[in-house]
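> Got a sequence here, can you model it:
(3 chains)
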Amino acid sequence: MVATHTIDVRTKGQGDVRDLTQDVGRAVATAACHSGLVTVFVNGSTAGITTIEFEPGAVGDLDRAFERIAPRRGEYAHHLRWGDDNGSSHVRAALLGPSLTVPVAGGRLALGTWQQIVLVEFDTGPRERHVIVQVMGDRGDA
Amino acid sequence: MVATHTIDVRTKGQGDVRDLTQDVGRAVATAACHSGLVTVFVNGSTAGITTIEFEPGAVGDLDRAFERIAPRRGEYAHHLRWGDDNGSSHVRAALLGPSLTVPVAGGRLALGTWQQIVLVEFDTGPRERHVIVQVMGDRGDA
Amino acid sequence: MVATHTIDVRTKGQGDVRDLTQDVGRAVATAACHSGLVTVFVNGSTAGITTIEFEPGAVGDLDRAFERIAPRRGEYAHHLRWGDDNGSSHVRAALLGPSLTVPVAGGRLALGTWQQIVLVEFDTGPRERHVIVQVMGDRGDA
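Next up is the predicted model:
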């Protein structure tokens, strides 16, 4: 069984982190998947997907770590070529990656209690994001 | 075919890296999967999964790189909010990610010779980890 | 349906980034997969897979970020143990990860317009890479 859903999110720009856990869980429930996998994928090169304890402290700490790795006001060859200001966004997104795979067991996402699935916006301005949620696996007895 | 296994690991705290390759290979063999995918997922927000050449030198080098990216004794908003001491753990885990997907071909994990599947503990103290191994694919002729 | 392909690439060494998008798309077309997943996996511990806007500026910016995270001429325990010079390669590869999962919907990779699937070579010299592309999902009506 394969089911594809899309979650549409309007972000506020770099550092905006959105909790997608409920939406992804709903996609699993709708698909009536008992055991299998969910792939969460953002189709764009300036955002990423991961898990984190979704509370403002940890989310801000992650943003500050990315600022050390790829400072927003740093020098980027991408800027020189395209007149863009989002070189830091491309570097951060390539490092984090656009996709996450989570097992489904007993009809539920196999997440820890303090572990949420998040979209991390890296672009320098607001963006419309379309996150693809694909559920693949077996239906239960039902 | 979908089969779910759990590997239970008691870690020693930050910097402890465990080789899960044999356990994952055993899950593939038990499932009798000929071609497909294995997803290895740690359900917690202060540990991660990746591959590395599992020898003490490279493992220590990785730990030192994480210490530069998110120093254990750094300042974290997560600490101020919760009185925790594991802000560095949350940042490192979100960066590395909790999941890894490895193809299975000809009944075997498609790993390189010097490439092992590892659990990386980022939390500041010992933890009981439950790593989920999910095998999905086709059985062979048998 | 499960189909496994291999893409053979001869890289030039650290910093060489190759666009695999067309090859992966061809594997999906050959497999006649309508909806499902593609897993792209490099079997080796000194290379990684991610997505990026494949243009020389952004690719060079990513290389420079990795040089800050794990400098090529830094000190690595892996060097002392093995007489190797690729400690930076192991650290970078473990951080980025060897695998990427991309949804297939309507027979096509669900990528953004400026988002390419790339192999990132981290080893210090040229390498023969064998990238595994595994397509899993449903065939369409055909």
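> Let's check: the centremost residue of chain A is which one?
A:I49 (2.4 Å; C-alpha atoms, centre = their mean).
> From C:R68, how far out is it?
Relative to C:R68, A:I49 is positioned 24 Å away (C-beta to C-beta, to the nearest Å). The C-beta positions use only the backbone N, C-alpha and C, and glycine is treated the same way.
> Then A:D61?
Separation of A:D61 from C:R68 (C-beta to C-beta): 19 Å.
> Grab the nearest non-local neighbour of A:W114.
Among residues not flanking A:W114 along the chain, A:E53 sits closest, at 4.4 Å (C-beta to C-beta, 6 or more residues apart in numbering or on different chains).
> Strands along chain A, start to end?
All strands of chain A, identified by DSSP state E, fall at A:2-10, A:17-19, A:33-42, A:47-52, A:99-105, A:108-109, A:116-121, A:128-139.
> Let me have those strands in CSV, extended by distance to B:Q116 and mean pLDDT.
Putting those into CSV (distance: least, C-beta to C-beta, whole Å; pLDDT from 0 to 100) gives the following:
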stretch, distance to B:Q116, mean pLDDT
strand A:2-10, 31, 97
strand A:17-19, 31, 98
strand A:33-42, 22, 97
strand A:47-52, 22, 98
strand A:99-105, 19, 97
strand A:108-109, 27, 97
strand A:116-121, 27, 98
strand A:128-139, 27, 96
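> Any chance of those in CSV with distance to chain C as columns?
Shown next, in CSV, are these (distance: least, C-beta to the nearest C-beta, whole Å):
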stretch, distance to chain C
strand A:2-10, 5
strand A:17-19, 18
strand A:33-42, 5
strand A:47-52, 9
strand A:99-105, 5
strand A:108-109, 16
strand A:116-121, 14
strand A:128-139, 4
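> Run through the residues of chain A sitting next to chain B.
Residues of chain A lying near chain B by C-beta under 8 Å from any C-beta of the partner chain: A:35-37, A:50-53, A:55-58, A:60-62, A:65, A:68-69, A:95-97, A:100-103, A:105, A:110-112, A:114-116, A:136-138.
> And for the spatially closest residue to A:H34 that is not a sequence neighbour, the neighbour number?
Spatial nearest neighbour of A:H34, excluding adjacent residues (C-beta to C-beta, 6+ apart): A:G140 at 3.4 Å. The number of residues packed near A:G140 is 11, by other C-beta atoms under 10 Å in any protein chain shown.
> show me what contacts A:G140?
With contacts taken as C-beta atoms under 8 Å, 6 or more residues apart in numbering or on different chains, A:G140 has the following neighbours: A:A32, A:H34, A:S35, A:G107.
> Buried ones in stretch A:78-93, by neighbour count?
The neighbour-count check on stretch A:78-93 (16 or more other C-beta atoms under 10 Å in any protein chain shown) flags A:H78, A:H79, A:D84, A:N86, A:G87, A:S88, A:S89, A:H90, A:V91, A:R92, A:A93 as buried.
> neighbouring contacts of it?
Residues outside stretch A:78-93 that contact it (C-beta under 8 Å, 6+ apart): A:14, A:44-48, A:66, A:69-72, A:74-77, A:120, A:122-124, C:51-53, C:55-58, C:61-62, C:65.
> and it, how far apart are its ends?
Start-to-end span of stretch A:78-93 (C-alpha to C-alpha, to the nearest Å) is 14 Å.
> Let me see the mean pLDDT of it.
On average, the pLDDT along stretch A:78-93 is 92.
> Show me how far it is from its chain's centre.
Offset of stretch A:78-93 from its chain centre (C-alpha atoms, centre = their mean, to the nearest Å): 20 Å.
> And stretch A:25-34, by the same measure?
19 Å.
> next one: stretch A:81-101
For stretch A:81-101, the distance to the chain centre is 13 Å (C-alpha atoms, centre = their mean).
> what do you get for stretch A:132-141?
In terms of C-alpha atoms, centre = their mean, the centre of stretch A:132-141 is set 19 Å apart from its chain centre.
> swap in stretch A:104-124?
Here stretch A:104-124 is found 8 Å from its chain centre; the criterion is C-alpha atoms, centre = their mean.
> May I see the buried residues of that stretch?
A:104-105, A:107, A:109-112, A:115-124.
> returning to what we had before: quick one, which of the strands of chain A gets closest to C:D23.
strand A:99-105 (18.1 Å; C-beta to C-beta).
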